[in-house]
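1. sequence-free structure coming up:
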């Protein structure tokens, strides 16, 4: 299963996918004072309450606009799931050209949104 993590300024939103089917979602407050162990306990317990065990997770994609928590959640992924996350950033090959003076200035959330729009297009009305 894929664990998709979106670390925003207010909320960390996660989704667990089995192939393309969304199995469950999790939400925890963004707090840069929390440690990897604290987030690890929250994520583990919430997953288990929703019927997913950490061993079910075999891939992780992480998108973050909070750099200190990128480090924290990378540690959670490596420790709890024993899976290194794919971290979305301007340096990740997505097939989407970033035509910006400094591509690193484009937020990971914007990159993820643009790639999703490219993949999941709908016909124009």
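-> Done, it's in. Please read all numbers here as calculations on a predicted model, not as lab measurements. Numbers count the residues shown, from 1 in each chain.

2. Just grab the bridge partners of the residue nearest to residue 11 when sequence neighbours are not counted for me.
-> Excluding the flanking residues, the one nearest residue 11 by CB to CB, 6 or more residues apart in numbering is residue 27, at 5.5 Å. Just so you know, the C-beta spots here come from the backbone N, C-alpha and C atoms, and that holds for glycine as well. Residue 27 has these beta-bridge partners by DSSP bridges: residue 13.

3. ok, residue 27 - how many residues close by?
-> Residue 27 has 10 neighbours, counted by other CB atoms under 10 Å.

4. distance of residue 41 from residue 19?
-> Distance, residue 41 to residue 19, by CB to CB, to the nearest Å: 28 Å.

5. neighbour count winner among those two?
-> Each of residue 41 and residue 19 has its neighbours counted (other CB under 10 Å); residue 41 has more, 14 against 7.

6. after the strand or helix carrying the more buried one, next one along is what?
-> Take DSSP states H and E as the rule and residue 41 turns out to sit in helix 36-49. Using DSSP H and E, the helix or strand that directly follows helix 36-49 along the chain is strand 59-64.

7. For that next one, which strands pair with it and how are they oriented?
-> Strand 59-64 pairs in its sheet with strand 2-7 (parallel), strand 86-87 (parallel), by DSSP bridges.

8. residues making contact with the worst-scoring helix or strand of the chain on mean pLDDT?
-> Ranking every helix and strand in the chain by mean pLDDT, DSSP states H and E puts helix 108-119 at the bottom, with a mean of 70. With CB atoms under 8 Å, 6 or more residues apart in numbering as the test, helix 108-119 has contacts from 6, 8, 63-65, 87-90, 92, 94-96, 98.
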